[in-house]
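Peer 1: Sequence first, predicted coordinates after that:
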Amino acid sequence: MPASFRPPQTVKPMIIAPSLTELQRLVNHCESELCSLDMSKNAKKSACMRVGPRYNIVCSSIVAGNQNLPWVDTIRYLGIFFC
């Protein structure tokens, strides 16, 4: 292996959607694509966050695989905290 070889970096995607229905559809699509590439997601490192005037309203769970993704108030993405 050459000395300049670097293993691939971990991909940290962020999905943004205008509605819960669309978010669930996008999560399902991402899971299908990952499956076709023989890859998987780490549900323990996944979470959902709402922004806007209705951020504090309780809403439906987003399901990834067989697990509900938790709703959080703050997310750290690429070293930046969103709250």
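Peer 2: Ah, there it is. Residues are numbered from 1 along each chain as shown.

Peer 1: just the strands in the chain please.
Peer 2: Taking DSSP state E as the criterion, the chain carries its strands at 62-64, 67-69, 75-77, 80-82.

Peer 1: Run the chain-centre distance for the second one.
Peer 2: Going back to what we said before, that points to strand 67-69. Computed by Cα atoms, centre = their mean, to the nearest Å, the separation of strand 67-69 from the middle of its chain amounts to 11 Å.

Peer 1: Also the first one?
Peer 2: Mean C-alpha position of strand 62-64 versus that of the full chain (Cα atoms, centre = their mean) differs by 10 Å.

Peer 1: again, but for the last one
Peer 2: Here strand 80-82 shows a centroid-to-chain-centroid distance of 15 Å under the convention Cα atoms, centre = their mean.

Peer 1: Report the contact partners of the closest residue to P13 other than its chain neighbours.
Peer 2: Nearest residue to P13, sequence neighbours excluded (Cβ to Cβ, 6 or more residues apart in numbering): C30, at 7.4 Å. In short, each C-beta sits where N, CA and C put it, glycine included. Contact analysis of C30 by Cβ atoms under 8 Å, 6 or more residues apart in numbering lists 13, 15, 41.

Peer 1: follow-up on the earlier one: could you single out the most deeply buried of the strands of the chain?
Peer 2: Stretch with highest mean neighbour count among those: strand 62-64 (a mean of 18; mean count of other Cβ atoms under 10 Å).

Peer 1: ok, residues contacting it?
Peer 2: 20, 23-24, 27, 31, 41, 43, 46, 48, 68-69.

Peer 1: which of the residues you listed sit farthest apart?
Peer 2: L20 and K41 (18.6 Å; Cβ to Cβ).
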